[in-house]
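Visitor: Just a sequence and a predicted model for now, questions to come.
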Amino acid sequence: MARVAREMVERSGINVDELLHLLVNNAAAELTTFYYYTILRVNLIGLQGEGLKEIAETARIEDRNHFEALVPRIYELGGQLPLDMRAFHDVSACPPAALPADPTDIQAMLQVLVEAERCAVRGYTHLCNLTAGKDHRTYDLSLAILNEEVEHESWFSEFLGEGPSGHFMRRGETSPFVGKFLR
């Protein structure tokens, strides 16, 4: 644990135990989303499904990266991940992005994908609001993840016909905002 890091966060007025609870729950959401997106991606078949596969894969890999970036901060602040994977799954900040009953229903699949991203956007916005001006490292990390989650949401919402977002699919690069936390 980085004792001074935790001390400085406490001095800023943040309840570190509450912050750790949020960070662990969001890490659980990222890892479980990575898992469920794997299942969703392999079921994206046919003409409509193939068009979504690359976007779902990018979001899937970036969610794994978000998990990897969150873990060091959790431990820096004196926290830890649950030792039981089932317990970890069950504290996820977002509901499972489970395969719809009819995996050939692309609209239902898109609804699952976009709702998972919207939950993440809400969670990281809350973390940014909680840490802004108080815990610079957690804020920077949360903001980086938020930027990528907003892009994921926009990609899926465009497929749902909710309007243009102005965001474009990344080519050859994943986690442009979170990458600095993975080095």
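Guide: Nice, thanks for sending it over.
Visitor: hey, which helix is longest across the chain?
Guide: When every helix of the chain is counted residue by residue (DSSP state H), the longest turns out to be helix 46-76.
Visitor: quick one: low-confidence ranges for the chain?
Guide: Low-confidence segments of the chain, defined by pLDDT under 70, span residues 1.
Visitor: and Pro96, how far is that from Glu115?
Guide: For Pro96, the distance to Glu115 equals 11 Å [CB to CB, to the nearest Å]. Placement of C-beta: from N, CA and C, glycine included.
Visitor: and if you look at Ala5?
Guide: In this structure, Ala5 and Glu115 are 34 Å apart, going by CB to CB.
Visitor: send the alpha carbons of stretch 25-40 over as CSV?
Guide: In CSV, the C-alpha atoms belonging to stretch 25-40 read as follows (Å, rounded to 0.1, in the frame of the first residue of the first chain):
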residue,chain,number,x,y,z
ASN,A,25,-17.3,-2.7,-7.6
ASN,A,26,-16.3,-0.9,-10.8
ALA,A,27,-13.4,-3.3,-11.3
ALA,A,28,-15.8,-6.2,-10.9
ALA,A,29,-18.1,-4.6,-13.5
GLU,A,30,-15.2,-4.2,-15.9
LEU,A,31,-14.0,-7.8,-15.5
THR,A,32,-17.5,-9.3,-15.7
THR,A,33,-18.3,-7.1,-18.7
PHE,A,34,-15.2,-8.4,-20.4
TYR,A,35,-16.4,-12.0,-19.8
TYR,A,36,-20.0,-11.3,-20.9
TYR,A,37,-18.9,-9.3,-24.0
THR,A,38,-16.8,-12.4,-25.0
ILE,A,39,-20.1,-14.4,-25.0
LEU,A,40,-22.0,-11.6,-26.8
